[in-house]
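> coordinates for the following, if possible.
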Amino acid sequence: MSFYVVVPARYASTRLPGKPLADLAGKPMVARVAERCQSSEAASVYVATDDQRIETALDGLVPVVMTREDHPSGTDRLQEVAVKLGLADDDIIVNVQGDEPLIPAAVINQVAANLAANPDCQMATLCEPIEHSDDLFNPNVVKAVFDANGKALYFSRAPIPWHRDAFAEGGRDISGGQWWRHIGIYAYRVAFLHRYVTWEPASLEKLESLEQLRAMANGESIHIAPSCEAVPGGIDTPEDLQRVQALLAAQEKE
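Predicted coordinates for the structure are as follows:
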């Protein structure tokens, strides 16, 4: 199996402007992500960006594909990259979010292999168990629900499924069920990307600010499975950034 990795990196992050260039133990975040991707089995790794500052910061570490500024999502940006690279319809692209500097290479390989093994799905992604109620009720932690065959039923920022009895009066006891955190990594078939960009952003996508819901709103199946390794949370907030900075600084001292 052969696949490509593309890291969308947009400078104008809403919550953390300039996030791809945030310093993580002496390296910009986007470089940390790219290095993780290069340790996977990908045939090639690219960073897709609309800002020259990101290309400059990478300093030749990986090829950079300059893309338009008006893409409504990272998936739309990947489709432009597929066109510019001349990829075939049946090629597989793995989208590694530019704010996942701790993502293990094994899960990058896993999501690509899962898509290749499930020809009835046009996308694949991963999840992991939620073990703390604070994560379940945190809107920055996206929750996933899926069926017995590993096909996604829905993604939400809300705590789904809703435990009727435990949560009805404000309780947060999650011992009586199983909840899953969606991990921000996707594999796509290139032909699917070409279809995706022809669809208007879906109402659910806009409501939840989750681009995968555009695919589901248009009847596409998404394969989802528990990750083969634990994936530390990505960087969405200033607190997340401080957490990862402290972790990497500690590792550098070891």
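
> with only the CA atoms kept, save the helix of greatest length in the chain in CSV.
Determined from DSSP state H, the single longest helix within the chain is helix 238-253. C-alpha atoms of helix 238-253 as CSV (Å, rounded to 0.1, in the frame of the first residue of the first chain):
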residue,chain,number,x,y,z
PRO,A,238,-3.4,28.5,24.8
GLU,A,239,-3.6,25.9,27.6
ASP,A,240,-3.0,23.1,25.2
LEU,A,241,0.0,24.9,23.8
GLN,A,242,1.5,25.4,27.3
ARG,A,243,0.9,21.7,28.0
VAL,A,244,2.8,20.5,24.9
GLN,A,245,5.6,23.0,25.4
ALA,A,246,6.1,21.8,28.9
LEU,A,247,6.1,18.1,27.8
LEU,A,248,8.6,18.7,25.0
ALA,A,249,10.8,20.8,27.2
ALA,A,250,10.9,18.0,29.7
GLN,A,251,11.8,15.5,27.0
GLU,A,252,14.6,17.6,25.7
LYS,A,253,16.2,17.6,29.2
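
> what are the buried residues along it?
Buried positions in helix 238-253, judged by neighbour count with 16 or more other CB atoms under 10 Å: 240-241, 244-245, 248. To be clear about C-beta, it is placed using only N, CA and C from the backbone, and glycine gets the same treatment.

> counting by contacts, list what it packs against.
strand 23-24 (3 or more CB pairs under 8 Å, 6 or more residues apart in numbering; DSSP states H and E).

> tell me who's in contact with the closest residue to Ala215 other than its chain neighbours.
What sits nearest to Ala215 in space, not counting adjacent residues and going by CB to CB, 6 or more residues apart in numbering, is Met123, at 5.8 Å. When contacts are counted by CB atoms under 8 Å, 6 or more residues apart in numbering, Met123 touches 115, 186-188, 192, 212, 215, 220-223.

> list the ones among these that fall in strands.
Of the contacts of Met123, the ones assigned to strands by DSSP state E are 186-188, 222-223.

> farthest pair within those residues?
Greatest spacing in these, by CB to CB: Tyr188 and His223 (11.2 Å).

> who touches both of the two?
Common neighbours of Tyr188 and His223 (CB under 8 Å, 6+ apart) are 115, 123.

> ok, those two, which is more surrounded?
Each of Tyr188 and His223 has its neighbours counted (other CB atoms under 10 Å); Tyr188 has more, 28 against 22.

> separation between the more buried one and Glu220?
10 Å (CB to CB, to the nearest Å).

> could you do Leu58 as well?
Counting by CB to CB, the separation of Leu58 from Glu220 is 32 Å.

> Gly26 too?
From Gly26 to Glu220 the distance is 41 Å (CB to CB).

> please apply the same query to Ala106.
26 Å.

> what of Leu213?
From Leu213 to Glu220 the distance is 11 Å (CB to CB).

> higher neighbour count, those two?
Of the pair Leu213 and Glu220, Leu213 is the one with more neighbours under other CB under 10 Å, namely 22 against 17.

> wait, Val94 sits on Ala42?
Yes: using CB atoms under 8 Å, Val94 is in contact with Ala42, at 6.9 Å.
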